[in-house]
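Peer 1: dropping a prediction and its sequence here:
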Amino acid sequence: MKLRIAILAGDGIGPEVTHEAVNILKAVAEFGGHDFQFREALLGGVAITAEGTPIPQSTIDICLDSDAVLLGAVGDNKFNHLSPDKRPESGLLQIRQVLGGFANLRPSIAYPALAENSPLRPEVTKGADILFVRELLGGLYFGAPRWWNKETNEAINTMRYTKAEVERVAHVAFKLAQGRRKKLTSVDKANVLEVSQLWRATVDELKSQYPDVTVEHQLVDSMAMHLMNIPRNFDVVLTENLFGDILSDESGVITGSLGMLPSATIGGKVNLYEPVHGSAPDIAGQGKANPLGAILTAAMVLRHSAGLEREAQAIEAGHRTADIARGNTAANVTTTQMGKLIHQALTETLDRHDSMHAV
């Protein structure tokens with residue numbers, strides 16, 4: 001397997017956690033005899049400092065010439081004096097638009113070793129394994145018209161979707177459900193919003209193409225409650241941009257931390273992978289950053305861009321170690337030490353699998 005991966009480490013803790021994720025990818029490549037090529041590029045605050053723009057053209061060129069893009073984190077308060085279109089975060093929005101991915105995938109898994117980290121009772125979260133499929137290029141975030149009239153104290157945003165936009169992300173969700181537990185939950189607000197009525201009708205039209213997948217609909221407000229009460233009931237959850245943003249962040253409670261959540265944005269020219277957590281500039285360079293979100297994001301690179309499912313699963317299993325589990329002992333483990341623990345667990349998992357296969 002040959003894979004060209006653009007590395008956009010970004011700001012704050014981004015370089016630290018991305019370094020550990022890249023080390024894991026290198027270990028997988030060495031173990032399996034794969035050719036992974038890594039090319040670094042600037043994005044965000046570091047790009048502003050070096051080149052005066054949050055997204056240089058050279059970064060765009062490298063990303064478009066890659067098979068996958070692995071991003072660390074973007075953002076730094078020292079740039080808050082700039083206009084929104086000049087700040088680090090605008091670089092992130094632009095690279096998403098350039099790559100064109102419309103389906104954002106966010107898994108939320110209740111790892112047994114981290115059960116005590118969640119404020120939910122272990123008997124509630126046990127066995128929860130949810131994959132959110134969030135439409136990323138439509139809805140309120142991109143709909144027009146949008147404006148804020150400060151003279152009249154009025155503001156407006158437009159929630160807009162076309163049937164084609166719903167269809168393309170729904171197909172992604174249906175296909176992912178076929179490879180999992182064959183259940184799809186579509187979330188909307190069809191009792192109030194015409195956009196949601198279009199969404200629900202479109203999903204219902206498509207379900208005949210996937211007869212092996214069970215489809216249910218949930219209103220977004222009830223879904224927010226069910227996630228905290230019965231998370232085991234859900235497999236693949238499909239929803240629009242705003243609802244997906246909120247619900248997938250809420251699901252961090254199941255895992256125990258947003259720092260544990262990876263994400264992938266697929267469907268465009270090149271897949272974009274990034275952990276859900278922010279840049280946390282206040283702890284940058286101190287070795288305190290949790291690299292697990294970045295490392296789990298690396299597992300998604302292997303699954304969705306390299307087709308290496310076994311290796312992806314080995315990474316996801318490899319972090320379930322007592323060193324980062326009970327009693328918040330992870331607080332005493334540095335970013336680098338955590339990376340080494342995962343590397344060791346990964347190697348042991350792959351070695352064990354190969355030994356069993358040989359037998």
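Peer 2: It's in. Numbering: from 1, shown residues only.

Peer 1: point out where the protein drops to low pLDDT.
Peer 2: Along the chain, segments meeting pLDDT under 70 span 258-259, 318-332, 352-359.

Peer 1: assign L137 to helix, strand or coil.
Peer 2: Reduced to three states with DSSP: H, G, I helix; E, B strand; the rest coil, the structure at L137 is coil.

Peer 1: so after the longest strand along the chain, what's the next helix or strand?
Peer 2: When every strand of the chain is counted residue by residue (DSSP state E), the longest turns out to be strand 2-10. In the C-terminal direction, the helix or strand that comes right after strand 2-10 (DSSP states H and E) is helix 14-32.

Peer 1: picking that back up, buried residues, the longest strand of the chain. List them.
Peer 2: 3-10 (16 or more other C-beta atoms under 10 Å). The way it works is simple: take the backbone N, C-alpha and C, and place the C-beta from them, glycine included.

Peer 1: and what of stretch 16-30?
Peer 2: Burial within stretch 16-30, assessed by neighbour count using 16+ other C-beta under 10 Å, is assigned to 16-25, 27-29.

Peer 1: how about the nearest residue to T349, chain neighbours excluded?
Peer 2: If the residues on either side of it in the chain are set aside, T349 comes closest to A314, at 4.3 Å by C-beta to C-beta, 6 or more residues apart in numbering.

Peer 1: distance check, the one you found against D11.
Peer 2: Noted for A314: a distance of 30 Å to D11, by C-beta to C-beta, to the nearest Å.

Peer 1: okay, the two: which has more neighbours?
Peer 2: Neighbour totals were compared for A314 and D11, and D11 leads with 29 against 24 (other C-beta atoms under 10 Å).

Peer 1: the more buried one contacts G91, correct?
Peer 2: No. At 9.8 Å, D11 and G91 do not qualify as touching, with contact defined as C-beta atoms under 8 Å.

Peer 1: if I look at those two, which residues touch both of them?
Peer 2: Counting by C-beta atoms under 8 Å, 6 or more residues apart in numbering, the common neighbours of D11 and G91 are 44, 74.

Peer 1: quick one: residues contacting the spatially most central residue of the chain.
Peer 2: For the chain, the residue nearest the mean C-alpha position is S263 (1.0 Å; C-alpha atoms, centre = their mean). Taking C-beta under 8 Å, 6+ apart as the criterion, S263 is in contact with 104-106, 248, 273-276, 297, 300.

Peer 1: tell me the one of the residues you listed nearest R39?
Peer 2: Of all these, Y273 has the smallest distance to R39: 14.7 Å, by C-beta to C-beta.

Peer 1: just the strands in this structure please.
Peer 2: Counting by DSSP E, the chain has strands at residues 2-10, 35-40, 68-73, 103-109, 129-135, 147-149, 154-156, 183-188, 214-219, 236-239, 264-266, 271-273.

Peer 1: I'd like these as a markdown table, with distance to A201 appended.
Peer 2: Output for the strands of the chain, formatted as a markdown table (distance: least, C-beta to C-beta, whole Å):
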| stretch | distance to A201 |
| --- | --- |
| strand 2-10 | 38 |
| strand 35-40 | 43 |
| strand 68-73 | 34 |
| strand 103-109 | 20 |
| strand 129-135 | 15 |
| strand 147-149 | 30 |
| strand 154-156 | 26 |
| strand 183-188 | 10 |
| strand 214-219 | 11 |
| strand 236-239 | 14 |
| strand 264-266 | 25 |
| strand 271-273 | 29 |
